[in-house]
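**Q** output the structure for:
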Amino acid sequence: MLRSSLLSELPWIDHGFGTRTDVVSQDGMARLKQIHSAVVLGAGGAGVAGDGDALVTAQTGVPVSIRTADCYPILLADPRNFAVAAVHAGWRGTLAGIAAEGVRAMVALGARPASIRAALGPSIGLCCFEVNAALAENFARQIPDANVHTRPGRLSKAFLDLRSIVRTQLEREGLESASIVNAGPCTRCANDRYFSRRGAAASGLFTTSGLQMSFIGFAK
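**A** Next up, the predicted model:
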């Protein structure tokens, strides 16, 4: 189980980003039916909270969890006002602003953006997230400062830096730059340690790809 050094500074927070080999049950945790949206739900207890892509809570004893492969798992904690969130951010959710919505939901529970710490877990990196021209143009149009890279060649290729885009979205909600950290590698590059849909497809093993679980909550 991978842990963020930034969140590990908070002794009252329990958290982790799963790997291929971590067998961690979601029993006793709040979870979602993930739909690649900007929907944030509050977690009042263990079990499926509903359809959405982020869970927030200010309750002890209710860890919030998500599952990802190449999408971004984002864990958020406000150590002063005691609220946490787990966010699933794929490209669709990022376009819709799921990271920002997660922060706003925490604020509604009493959190202050300047106090929130964020860890961006293992996910597909700029090195491997190749997209078609239409999607690249869509990002550039909807998110003017989106980090879209074009690599020259006989067939030009576009690559998205979702990590950079999510970081910018969090900063615009008031998080301090120093309070946003990266945790873990590109999942496709490290496909031996992390599930990656693109990595599995490239190796011809798409049907064997799984999901790793990430969670955060108040330590008992």
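
**Q** what sits against the residue most central in space within the chain?
**A** The chain has residue 73 as the residue nearest its centroid, 2.2 Å off, counting by CA atoms, centre = their mean. Residues in contact with residue 73 (CB atoms under 8 Å, 6 or more residues apart in numbering) are 17, 66, 86, 87, 88, 89, 120, 121, 122, 123, 212, 214. Bear in mind the C-beta positions are built from the backbone N, C-alpha and C, glycine included.

**Q** and if we set it to 10 Å?
**A** 17-18, 65-67, 86-89, 119-123, 183-184, 212-216 (CB atoms under 10 Å, 6 or more residues apart in numbering).

**Q** repeat that for residue 6.
**A** Contact analysis of residue 6 by CB under 10 Å, 6+ apart lists 75, 77, 117, 118, 119, 178, 179, 180, 181, 182, 183.

**Q** is it in a helix, a strand, or coil?
**A** Of the three states, residue 6 takes helix according to DSSP: H, G, I helix; E, B strand; the rest coil.

**Q** quick one, strands of the chain?
**A** Taking DSSP state E to define them, one finds strands in the chain at 13-17, 30-33, 40-42, 47-51, 54-57, 64-68, 72-78, 83-89, 117-120, 130-131, 148-151, 157-160, 180-182, 212-218.

**Q** quick check: residue 47 touching residue 55?
**A** No - Residue 47 is not in contact with residue 55 according to CB atoms under 10 Å; the separation is 11.3 Å.

**Q** name the nearest residue to residue 171, sequence neighbours excluded.
**A** Excluding its sequence neighbours, the residue lying closest to residue 171 (CB to CB, 6 or more residues apart in numbering) is residue 177, at 6.0 Å.

**Q** please apply the same query to residue 74.
**A** Counting by CB to CB, 6+ apart, the residue nearest residue 74 is residue 87, at 3.9 Å.

**Q** burial count for the one you found?
**A** Look at residue 87: counted by other CB atoms under 10 Å, it has 32 neighbours.

**Q** again with residue 168
**A** Neighbours of residue 168 using other CB under 10 Å come to 17.

**Q** contact partners for it?
**A** Contact analysis of residue 168 by CB under 10 Å, 6+ apart lists 99, 100, 143, 145, 146, 147, 177, 180.

**Q** just to revisit the earlier point, residue 47 and residue 55: which has the busier surroundings?
**A** Set residue 47 next to residue 55 and count neighbours by other CB under 10 Å: residue 55 wins out with 29 against 12.
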